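Peer 1: next one to model:
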Amino acid sequence: MRELFKGLLPVLHNVTSVHRVLEFVRLCTSFNCNNIIITRPTGAAAQQGVPEAFKIALKEGANIMILGELKDVQEIAKIEKLYLLTAEEEGETLDKAIEEAAELLREGKKIGVAVQGQDLPFLPREKQLGTCVKVLEKKAPATSLCTIFLWELSKKLT
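Peer 2: Here you go, the predicted structure:
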């Protein structure tokens with residue numbers, strides 16, 4: 001699975017919380033994600049969370065990339081597809097997205113899996129960058145959405 005997850009780029013977007021940054025990085029490294037992206041960190045997340053996240057990632061053998069905007073992920077990381085994980089909003093079903101993501105990873109392609117770092121929906125211009133995936137019917141923290149997606153994807157790949 002570690003080899004197949006090589007093309008998976010988890011993205012934490014628009015985050016202000018130190019705790020959420022660290023929780024996200026720990027989650028991603030627990031699934032053996034080697035490359036983690038944080039876009040638009042601000043406030044304490046940028047000042048304290050990012051340096052701490054780098055320490056965690058280094059200890060786990062992972063890399064972190066900090067980018068200004070979500071659109072930079074496609075441009076710089078050269079991903080094939082970006083999945084925007086949501087709750088309560090309309091979007092592609094989780095099963096369909098997992099099936100497609102697993103196939104792309106098996107083909108050796110890169111995919112991004114993004115969650116909001118704040119309890120806000122993705123902006124309309126951000127939704128145009130990828131495919132919204134409805135993970136849950138009710139509001140849930142970003143790391144919960146990402147955990148469900150990564151767990152289901154790991155089951156599909158093994």
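
Peer 1: okay, helices next: where are they in the protein?
Peer 2: Remark: helices assigned in the chain by DSSP state H are 18-30, 43-44, 50-60, 71-77, 94-106, 124-127, 142-157.

Peer 1: nearest to Gln116, of those?
Peer 2: Smallest distance to Gln116 across those (Cβ to Cβ): 5.6 Å, for helix 142-157. Backbone N, C-alpha and C define where each C-beta goes, glycine included.

Peer 1: let's have the helices of the chain in TSV, adding mean neighbour count.
Peer 2: Listed next are these as TSV, based on neighbours: other Cβ atoms under 10 Å:
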stretch	mean neighbour count
helix 18-30	20
helix 43-44	14
helix 50-60	15
helix 71-77	15
helix 94-106	17
helix 124-127	13
helix 142-157	19
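
Peer 1: could I get those helices as TSV with mean pLDDT?
Peer 2: Formatted as TSV, the helices of the chain follow (pLDDT from 0 to 100):
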stretch	mean pLDDT
helix 18-30	96
helix 43-44	96
helix 50-60	96
helix 71-77	93
helix 94-106	96
helix 124-127	94
helix 142-157	95
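
Peer 1: out of those, which gets nearest to Leu84?
Peer 2: helix 124-127 (6.4 Å).
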